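Novice: just need the structure, nothing else, for what follows:
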Amino acid sequence: MRILHLHSSFSAGGKELRAARLMNAFGPEVAHAVVSAQPDAYGAAVALDPEIEVEYPRDFPSLQGRPTPLRLLRLARAMQGFDLVLTYNWGAMDAVLAHRLYAGVLGLGPLVHHEDGFNEDEAQGLKPARNQFRRVALARASALVVPSRRLQAIALDAWRQPAARVRLIVNGIDTGAYREPPSADAVPGLIKTPGERWLGTLAGLRAVKNLPRLVRAFAALPEDWRLVIVGEGPERDAIAAQAAACGVAERVHLPGFVPDPSRVVGLFDIFALSSDSEQFPISVVEAMAAGVAVASPAVGDVADMVSGDNRRFVTAAGDEAALAGSLRLLAADEALRSAVGEANRARAQADYDEKSMIRDYRETYGRALGRTAFP
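Specialist: The predicted model follows:
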């Protein structure tokens, strides 16, 4: 079986690493071709099992450009020969439209689209023109997969998708991999010393993550606290500049991308998000599985994801002072952090293990192919 993956980006972010885990789970009997709308954004490839057959066709037509009939036809022709087409986020929506227009003529395999959230250009509100484009393009998709109830509601309302097409599959991880505490030197270039406390996050360094906000919220914490931002992206310089402006540059660390989060997230004493937009962030599930308390704006489904004990530390979206207040409360009380973290761990093990997620994706893709089993 051959599967074509058309990504807005295949950099090492949450949805991309989830796609890599699914590819690994499907095993060597499935071959994959991966295309990124952003040239050279293929960082998630490091998470793929070497036994999996994966190609990166650099001659594939660009996923970006004006949706003219000729360009869409070129995109559709490039989809020929694949049993299943998987598309991801707005950056691949032209390909979804191309599939809708030409699948019957060209005999293309079925298409399943995945929406995981929005970049900074839609973080503060949906664009009506994009809503209309999605309604048209998705009309013949076999399924639309979303990870959060908020996105499910958007799909049903703003994008006017029939309920039978929309599939809610929450993100899951191998929760067992997070049980053992990591070694003190697990983060490249850093060693956690006795008595030191870490506020940490796992995030692509993109504007929508608003990591300068996290730097400002962190700045008032005591001197024994450090901020460790694990990830890579174009906002690195802006984050470093904010740390310098707040006078905490020596306590803010940007070690880059770590391919296996289970090896580092357990070093965090508090996990924090500062994003303008999220849906069902895998990083929060990873922190929960490691037994870490979470401070976050109430974006996407975060308030429903965390344990009841943790919910009061999920504050109003955009309220920087409230986020900073949550960090101060958690930083001042080790027993509270431990209790909240253990409640999070129990919730993650009960509700967010990847076995259920993989089963639901197998069922969704199998249904698109008209099979009772997948692959």
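Novice: what's the domain layout of this protein?
Specialist: 2-172+354-368, 175-351 (automatic domain parsing).
Novice: closest one to Phe374 among those?
Specialist: Among the domains of the chain, domain 2-172+354-368 comes nearest to Phe374, with 3.4 Å by C-beta to C-beta. To be clear about C-beta, it is placed using only N, CA and C from the backbone, and glycine gets the same treatment.
Novice: end-to-end on that closest one?
Specialist: Its first and final residues considered, domain 2-172+354-368 spans 14 Å by C-alpha to C-alpha, to the nearest Å.
Novice: likewise stretch 179-194?
Specialist: With C-alpha to C-alpha, one end of stretch 179-194 sits 21 Å from the other.
Novice: need the mean per-residue confidence for that stretch.
Specialist: On average, the pLDDT along stretch 179-194 is 95.
Novice: what's the answer for stretch 344-359, then?
Specialist: Averaged across stretch 344-359, the pLDDT comes to 95.
Novice: which residues in the stretch 1-150 of the chain form helices?
Specialist: Applying DSSP state H, counting those that start in this stretch to the stretch 1-150 of the chain gives helices spanning 14-26, 69-78, 93-106, 128-137, 149-157.
Novice: next one: the stretch 151-300 of the chain
Specialist: 211-218, 236-245, 282-289.
Novice: residues contacting Gly91?
Specialist: Going by C-beta atoms under 8 Å, 6 or more residues apart in numbering, Gly91 touches 7-9, 37-38, 63-64.
Novice: what residue ranges in this protein score low on pLDDT?
Specialist: Under the criterion pLDDT under 70, the flagged ranges of the chain are 123.
Novice: residue farthest from the centroid of it?
Specialist: Distance from the C-alpha centroid of the chain peaks at Val105, with 34.5 Å (C-alpha atoms, centre = their mean).
Novice: ok, that one - contacts?
Specialist: So Val105 contacts nothing (C-beta under 8 Å, 6+ apart).
Novice: need the helices of the stretch 1-150 of the chain in CSV (columns: distance to Val314).
Specialist: Output for the helices of the stretch 1-150 of the chain, formatted as CSV (distance: least, C-beta to C-beta, whole Å):
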stretch, distance to Val314
helix 14-26, 18
helix 69-78, 40
helix 93-106, 31
helix 128-137, 28
helix 149-157, 14
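Novice: between those helices, which one is nearest to Val46?
Specialist: Closest approach to Val46 among the helices of the stretch 1-150 of the chain (C-beta to C-beta): helix 14-26, 8.5 Å.
Novice: and that closest one, what does it pack against?
Specialist: Applying 3 or more C-beta pairs under 8 Å, 6 or more residues apart in numbering; DSSP states H and E, one finds that helix 14-26 contacts strand 2-7, strand 84-88, helix 282-289, helix 354-368.
Novice: picking that back up, can you list the domains of the chain in CSV and add distance to Phe374?
Specialist: Converted to CSV, these look like this (distance: least, C-beta to C-beta, whole Å):
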stretch, distance to Phe374
domain 2-172+354-368, 3
domain 175-351, 22
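Novice: burial of Asp260, as a residue count?
Specialist: Other residues within reach of Asp260, judged by other C-beta atoms under 10 Å, total 13.
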